[in-house]
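J.: this one's structure only:
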């Protein structure tokens, strides 16, 4: 049992070594022509500049939280503050590394695409995998080090507070990275397209458009850095939640003993989530090595192979690991862990639940199925009917997602109880919290496949800007469209795990508050909290959508100005170049300015409500988690469906490009941009950040 | 105290007499030219035909529920079944009367508009007031008769079950009237506009468009009959909820005594909501008499005067009535009602809360304020940005609405407790339930002002179709635009009261189930219920929006066919007429077919969940009430804002009609149609129907 944290250390170091190796491979590849090198340089510079400025702003916030956390000392020591800082720093480092390599992989992928998809695919995947394994490796590393340092070596009693603070650090970075990145990318995209495609009549990614570079930068800061920070937080949270819950359940197992540092037999329950993290990491590393470019095999098959191998191995490892860790039906306090195999089943429920949610997302957003075809059909009667149908389908897509999530909750609750021979109330909760780590055990490979998408997208943009032959663009387009599907699966994991993790953290919040909270829905304070909590995701969506609108307007004004003031730009005269740097700067400033209000609210609201009334805070969190989950699914799927309906038409349906139907579909796609890339994904992190803030500050509220 | 039901009887008879008098006045007015008479006839025929067919379908449902209710006998008698039937029948009768007069008032208003607004305004208002006072009068009549019959004369013990069943009857009619009417009106509107305005390039309400009559019929079946049934249910529900809650609280007051028929001192608490209903009715009657057409006074001033007089009188009556009913600080069981004036304060809180919610709706949907101006501004960059901003503003508008609702809940809870000298947990709930009846005490005049809108709208359409001079259309347009503002206030009352009523019914549900439900949010069944409940309004919105889309498509196909096959129709050759009857028929069939699934779900879902697990049902209802309220506000306000942004542009802003900005705003308006007139309003009734079904069937679940 004591070996578990060390095993996790080893697994995370292996993950980091894999990331290092992949980074080497990417950096060794050829960058292509001078023009490609120059464009790549501009994108990298813009992306890294944004990241640096974002980190500078966020560091002020992190410092403030560090100080604030001193009010909740653990055993009289500032353990929470330091664990928090570590979470924030490691998340930032993962983002930095991932971004650096992603912005190197894009030009190299474009260059490799000149020799065909089989060369380009593994390069793009390796670029994404650097992010994936940096994220997962550093997160697991941080959790194991914190556990060893504070709990094992320094003997701090309340393990859960330390681990939760680490999670909060990760959340802080993710919150701002997601919102800021989401606003950046869509401001550049929407603003650039509206002037370029609609007004000036030039194609997407055209080098004459001053916003093109900013758009490419946006793909990186939004889809790579923002998503990476999000998944760092999700992954960390999915391990943090069961560890915290397990340590809170120890008194239940040990029949009322206080949280006494020495967890005795019960420590296995704290170690178990960390063990699953380590085993899932090893499975992911093996899975990632299966993705190679082979001629003649379908691209999606090769990409999926990595995921499936990782998932299958995780199942096997989880079963074996569970049986080894809990060999011989140990007795924990007065409870006998009579059937540990049921704990492995909760992991498997989580893993397949996440995958299934991803699949339903794919059903609602892929052009191969009825919803997207129906939206495309509605384009024949104009943008209004396209929009109505897209909204309807997105809302409808909450049905299978909710059914899957409640099934997961129900099953893992049941299995959690059955592991102890009875379907007990409180014990079952441990099973629920395990489902989340099951879902995210293969984070390394999920992020790799997800971050692959924007790299392929960027490669396409670079091919266009560098005026490579059209067949190169054809190759990158095939890689990119594949990325859209794999991204849907990744989003399924992210949003599903957000719901389950937030739920587990919420249960931990109630357990921490103990007898001092009374969360009956009939209590008036709880009711009021429920209303306010359910409202918060609506407000969050409104604020982030308006932010995109405002930032896009600023971009539009600038692009119009350049077309008007730079002679020969619109006509594409040789040697005339737009002032891309200015557009990058506008996006950066707008994103940083606009992220403050929603980001701040997410932290301040639970604190304010918590200090007024803890029961109301309980209702607030429940309302926010449930509604946030629904809005996340709805907005992501509506946006994805509009995007693919447009692509479906561009591929020739309903008359293809240039028709009124296509124009209508473009409107849907533009509406969907902030849905799927700004507001929707921000919900995942919103619900977790609010829950974890509440959990960490419970001692101060009471 | 025993006089109260008789006072209510008298007040409701007075209301019905007023409706009768107003109907006489309307029917006496001149119908205008032969063409106007003919058009009016076609609209009336279409509307009444729809209502008859709708009632036929719904009567099957009502019969089934009548039988189903036999499984929850009260004192061994089928009281619930008969009270249910009475609620359903009275609601239908109110709808029938209101619709008959509204479809008579439209032509007469158009005719009166030829002599100016001062003649037309009172006629349109009186037409609406027939609906208003039929609705309020019959609802109050039904409640008092049921109370007298079952509780007083037949001595049935459980008063609350009888009254709740009456409410359920009203809900059943409202459910289908709202959904069916909402789909009908938008199918005709969206379908007709998309072919007529967009494809054929002919103006709105043009007699050449085959869907024009169906559109006018739709205004009646949606905005008059649908809204009337909704308000009948809301008003009945707002009285039912506190009566039910009071009778459930009797055992608390009498310290554990069973529900023993003889309520003793506590009966005053059951009578109190009925008293407020009676007093508010009298205030509304006086208010309605204040609306007269006077030259030289602003139209909105005259219409608002009626509301303000009614509200002011309600405040005075409530204070006096409370002091009289509870004179001398009566003792109720072991509780002393030491400060009854606080009960009057809960009424006042409700009344002003409803008004304030209406005002925030106006802020977000009127062209005089920033949100609509901002949406109009976004029209300069096309339909996508208009849509994004409209959605963002609608979501943002949930903030003040929720803040007002939770303030109302908190204050009325506090006052409810203070009336008994302590801010007690359960006693406070009575105060919350009173806020709803406070809000809807002036229903008669609210509905009058709301139903006035579609009559004015119809009059405009008739003026257009009958080719009256443009200045007549100018007069009706000024009446119509005023109607949009007053409708916003009415919607505020409707949605605010829906939240508070549903909440009070929910508390009653828990009290009825007593110790057998355990609604702690941490309970896994409650959590699962919460997810499923919060999801239901999303699914409901999706289904109703898709229904509108499908029905509109059917209409589009038919209108296109007529333009293609009827020679000279598009060109407007004299004597060539479209086949309007066919379009009316398509809308009718589509609306009836499409209302079955969402309507059925609203009844079946709580029954299924309740029979599986009552705790899950508790979570389900809480999730549905909160999310349904949010979505109702969001969809209604987004839709209203888009509508008025379009009108603002048509009045000359951003270049006016014919510009790209206007085209973009038209897209927003069309998207908003199902938002504000189908899906949004259906939420109010959804959350109440699900709660009241649960309440009535609790004995069967346990």
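T.: Structure's in. What do you need? Being a predicted model, the structure only gives us computed values, none of them experimental.
J.: Surely residue A:667 is in contact with residue A:387?
T.: Yes. Residue A:667 is within contact range of residue A:387, at 7.1 Å (criterion: CB atoms under 8 Å). Glycine gets a C-beta too; all of them are placed from N, C-alpha and C.
J.: joint contacts of the two?
T.: B:387, B:667 (CB atoms under 8 Å, 6 or more residues apart in numbering or on different chains).
J.: report the longest helix in chain A, please.
T.: helix A:470-513 (DSSP state H).
J.: Name the next helix or strand downstream of that one, please.
T.: helix A:524-565 (DSSP states H and E).
J.: Whether that following helix contacts chain B - can you check?
T.: Yes. Helix A:524-565 is in contact with chain B by CB under 8 Å from any CB of the partner chain, via A:524, A:526-528, A:530-532, A:534-535, A:538-539, A:541-543, A:545-546, A:548-549, A:552-553, A:556.
J.: Smallest gap between the stretch 601-702 of chain A and chain B, at which residue?
T.: residue A:670 (3.6 Å; CB to the nearest CB).
J.: Run the chain-centre distance for the helix or strand harbouring that residue.
T.: Taking DSSP H and E as the definition, residue A:670 sits inside helix A:660-674. Distance, stretch centre to chain centre, for helix A:660-674: 25 Å (CA atoms, centre = their mean, to the nearest Å).
J.: ok, now which ones touch residue A:601?
T.: A:536, A:539, A:540, A:543.
J.: nope, residue A:647 is what I meant
T.: A:367, A:481.
J.: helix/strand/coil for it?
T.: Under DSSP: H, G, I helix; E, B strand; the rest coil, the three-state class of residue A:647 is helix.
J.: tilt between the longest helix of chain A and helix B:524-565?
T.: 140 degrees (axes from the mean of the first three to the mean of the last three CA atoms, to 10 degrees).
J.: hang on, the earlier thing: identify, from the contacts of residue A:601, the entry nearest to residue B:383.
T.: Among those, residue A:543 lies closest to residue B:383 (CB to CB), at 22.1 Å.
J.: Correct me if wrong: the closest one contacts residue A:596.
T.: No. Contact between residue A:543 and residue A:596 fails when scored by CB under 8 Å: they sit 10.4 Å apart.
J.: Tell me which of the two has more neighbours.
T.: More neighbours surround residue A:543 than the other of residue A:543 and residue A:596, with 21 against 15 (other CB atoms under 10 Å in any protein chain shown).
J.: Quick check: nearest residue in space to the more buried one, chain neighbours excluded?
T.: Excluding the flanking residues, the one nearest residue A:543 by CB to CB, 6 or more residues apart in numbering or on different chains is residue A:598, at 4.6 Å.
J.: tally of neighbours for that neighbour?
T.: 25.
J.: Does it lie in a helix or a strand, and which?
T.: For residue A:598, the enclosing helix or strand under DSSP H and E is helix A:580-612.
J.: Pull out the buried positions in that helix.
T.: A:580, A:582-588, A:590-592, A:594-595, A:598-599, A:601-603, A:605-607, A:609-610 (16 or more other CB atoms under 10 Å in any protein chain shown).
J.: and the helix-or-strand element of chain A with minimal mean pLDDT, how far out from the chain's middle?
T.: Ranked by mean pLDDT, DSSP states H and E, the weakest helix or strand in chain A is strand A:331-332, scoring a mean of 74. Here strand A:331-332 is found 37 Å from its chain centre; the criterion is CA atoms, centre = their mean.
J.: so what strands line up beside it?
T.: strand A:335-336 (antiparallel) (DSSP bridges).
J.: ok, whichever helix or strand comes after the partner strand near chain B or not?
T.: Remark: after strand A:335-336, the chain's next helix or strand is helix A:341-365, criterion DSSP H and E. No. Applying CB under 8 Å from any CB, one finds helix A:341-365 out of contact with chain B, separated by at least 11.1 Å.
J.: now the angle between helix A:470-513 and helix A:341-365, please.
T.: Using the same axes, to 10 degrees: helix A:341-365 against helix A:470-513 is 140 degrees.
J.: if I pick the residue of the stretch 601-702 of chain A closest to chain B, what's in contact with it?
T.: Going by CB under 8 Å, 6+ apart, the list of residues near residue A:670 reads A:190, A:193, A:194, B:382, B:384, B:385, B:388.
J.: now residue A:235
T.: A:135, A:136, A:139, A:140, A:277, A:440, A:443.
J.: switch the cut-off to 7 Å
T.: Residues in contact with residue A:235, defined by CB atoms under 7 Å, 6 or more residues apart in numbering or on different chains, are A:135, A:136, A:139, A:440, A:443.
J.: before we move on, back to that, tell me which residues of the helix holding residue A:670 come out buried.
T.: Applying 16+ other CB under 10 Å to helix A:660-674 flags A:661-674 as buried.
J.: Specify the next element, helix or strand, located C-terminal of that helix.
T.: Per DSSP H and E, the first helix or strand lying C-terminal to helix A:660-674 is helix A:680-701.
J.: Tell me the residues on the stretch 451-600 of chain A that lie near chain B, please.
T.: A:503, A:507, A:510, A:519-522, A:524, A:527-528, A:530-532, A:534-535, A:538-539, A:541-542, A:545-546, A:549, A:556 (CB under 7 Å from any CB of the partner chain).
J.: Narrow those residues to just the buried residues.
T.: Buried, going by 16+ other CB under 10 Å: A:503, A:507, A:510, A:519-522, A:524, A:527-528, A:530-532, A:534-535, A:538-539, A:541-542, A:545-546, A:549, A:556, out of these.
J.: Helix, strand or coil: sort out the residue lying farthest from the centre of chain A for me.
T.: Distance to the chain centre peaks in chain A at residue A:567, reaching 42.9 Å (criterion: CA atoms, centre = their mean). Under three-state DSSP, the three-state class of residue A:567 is coil.
J.: Mind telling me what element the nearest residue to it once chain neighbours are set aside is part of?
T.: Leaving aside its sequence neighbours, residue A:567 sits nearest to residue A:576 (CB to CB, 6+ apart; 7.4 Å). Per DSSP H and E, residue A:576 falls between elements, in no helix or strand.
J.: roughly how far apart are residue A:576 and residue A:569?
T.: 5 Å (CB to CB, to the nearest Å).
J.: Please identify which of those two sits among more neighbours.
T.: Higher neighbour count among residue A:576 and residue A:569: residue A:569, with 19 against 13, using other CB under 10 Å.
J.: Enumerate every residue touching that one.
T.: By CB under 7 Å, 6+ apart, the contact set of residue A:569 is A:208, A:562, A:563, A:576, A:578.
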